[in-house]
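Kindly generate the corresponding structure for this input.
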Amino acid sequence: MKIKKILRKHSCLIWILIFALFLRLYFFVGLNWSDDIGYVNDAYRILKNEFVFTKYPPTLRPMMIYPLSFTFLVLGISNYTATLYPLLASLGSIILIFYLGKEFFDYETGLIAAFLLSFFPLNVIYSTWIMPDLIIAFFMGLSVYFFLKSNKKRNLYF
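Below is the predicted model:
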């Protein structure tokens, strides 16, 4: 009963997420021969217990390579599993911007913001590219959301 109520209340957001997922899979980028080779190589070396931190920038980003390595461990190594983490961060950003719009304004504003982010070109392209940009943006937005929620709980809005 509670799940049906949630689905009914957020049906527009669910349709926006389905549209966003379809768009991201249609414009799939995958391995782009940039820093993503370093991330994939480091994730593979973690699985083989051969990983060593170096001064090369991709090895200094554990929030990128450890989840990638975990995905490889669970789902196997492929071009699609390598892009699962940025894809989930991109879809999470759509959900997050909905809740931020709802928090600041109202439900409809959150839906409009989520819909606009669902087809924003850079978000679509970077969502299936093994780069940390969308992941950093998602966690930054998540920290802002939690900050605002905790301030609202304590009536500290400025």
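
Quick check: which ranges of the chain have low pLDDT?
1, 6, 58, 156-158 (pLDDT under 70).

Walk me through the domains of this structure.
As assigned by automatic domain parsing, the chain contains the domains 35-82, 91-158.

and those as a markdown table, adding distance to Leu21?
Just so you know, the C-beta spots here come from the backbone N, C-alpha and C atoms, and that holds for glycine as well. Shown next, in a markdown table, are the domains of the chain (distance: least, Cβ to Cβ, whole Å):
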| stretch | distance to Leu21 |
| --- | --- |
| domain 35-82 | 13 |
| domain 91-158 | 7 |
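
Nearest to Ile3, out of those domains?
Ile3 lies closest, by Cβ to Cβ, to one member of the domains of the chain: domain 91-158, at 16.6 Å.

now the closest one: how far from the chain's centre is it?
Relative to its chain's centre, domain 91-158 lies at 10 Å (Cα atoms, centre = their mean, to the nearest Å).

same deal with stretch 31-43?
From the chain centre to the centre of stretch 31-43 is a distance of 18 Å (Cα atoms, centre = their mean).

cool, and stretch 17-37?
Centre to centre, stretch against its chain (Cα atoms, centre = their mean), the figure for stretch 17-37 is 12 Å.

Relative to Leu23, which of the domains of the chain is closest?
So among the domains of the chain, domain 91-158 is nearest, using Cβ to Cβ, at 5.6 Å.

of all the domains of the chain, which lies closest to Leu17?
Smallest distance to Leu17 across the domains of the chain (Cβ to Cβ): 6.0 Å, for domain 91-158.

need the strands for this structure, in chain order.
Using DSSP state E, the chain contains no strands.

Return the residue of it that is most distant from the centre.
When distances are taken from the C-alpha mean of the chain, Asn155 lies farthest, 29.7 Å away, according to Cα atoms, centre = their mean.

ok, now which ones touch it?
Contact partners of Asn155, counting by Cβ atoms under 8 Å, 6 or more residues apart in numbering, are absent.

how near is it to Thr128?
Using Cβ to Cβ, to the nearest Å, Asn155 is found at 42 Å from Thr128.
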